[in-house]
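Engineer: need a structure here:
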Amino acid sequence: SAAGVFVCLLEYPRSRRKKGSTMERCGQRYMTAVLKVFGPLTRNYYVRAILHAALAVPAGFLLSTILGTVCLGIASGIYLLAAVRGEEWRPIEQKPRERPHMGDTIKQPPSNPPPRPPADARKRPPAEPGG
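Structural biologist: Now for the predicted structure:
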């Protein structure tokens, strides 16, 4: 079960994509900080492939854990293929948001007035006497 916890902690943080944006998982930034501390051990997919393969070996001796062994073996193969293609895990880092300047946000003031209800709808009905 300790191997399962280790694999979950290793796999939870998503990697940043080369193109486009990547949605960060809930609480991922804390695990990303931990994975960044270990540097190339967690970033390199060759190392991840070896770790998954090494964790699959002891689980293969019990019939009850054979499905986990198959899953770890498949994950190891996928990581090996990704490593051969030159991929690696990259952390998602938050870019500081630039505050827009006030002069740049308003290009042209509105030319029409805002919509208003008709004049008769704006008049209040007279209050009833004795009320």
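
Engineer: all contacts plus neighbour counts: C-alpha atoms, from now on.
Structural biologist: Will do.

Engineer: What segments of this structure are helices?
Structural biologist: Across the chain, reading from the start of the chain, the helices by DSSP state H fall at 2-11, 28-37, 40-43, 45-59, 66-84, 102-105, 119-122.

Engineer: Now do the end-to-end distance for stretch 82-91.
Structural biologist: Start and end residues of stretch 82-91 are separated by 17 Å (CA to CA, to the nearest Å).

Engineer: Need the nearest residue in space to the residue nearest the centre of the chain, chain neighbours excluded.
Structural biologist: By CA atoms, centre = their mean, the mean C-alpha position of the chain lies nearest to E24, the distance being 1.7 Å. In this structure, E24 finds its nearest non-sequential neighbour in R14, 6.8 Å apart by CA to CA, 6 or more residues apart in numbering.

Engineer: need the contact list for the one you found.
Structural biologist: By CA atoms under 8 Å, 6 or more residues apart in numbering, the contact list for R14 reads E24, R25, Q28, P91, I92.

Engineer: Now the two most distant members of those residues.
Structural biologist: The most widely separated members of the contacts of R14 are R25 and P91, with 11.9 Å between them, by CA to CA.

Engineer: So between the two, which is more surrounded?
Structural biologist: Neighbour count, other CA atoms under 10 Å: between R25 and P91, P91 has more, with 19 against 10.
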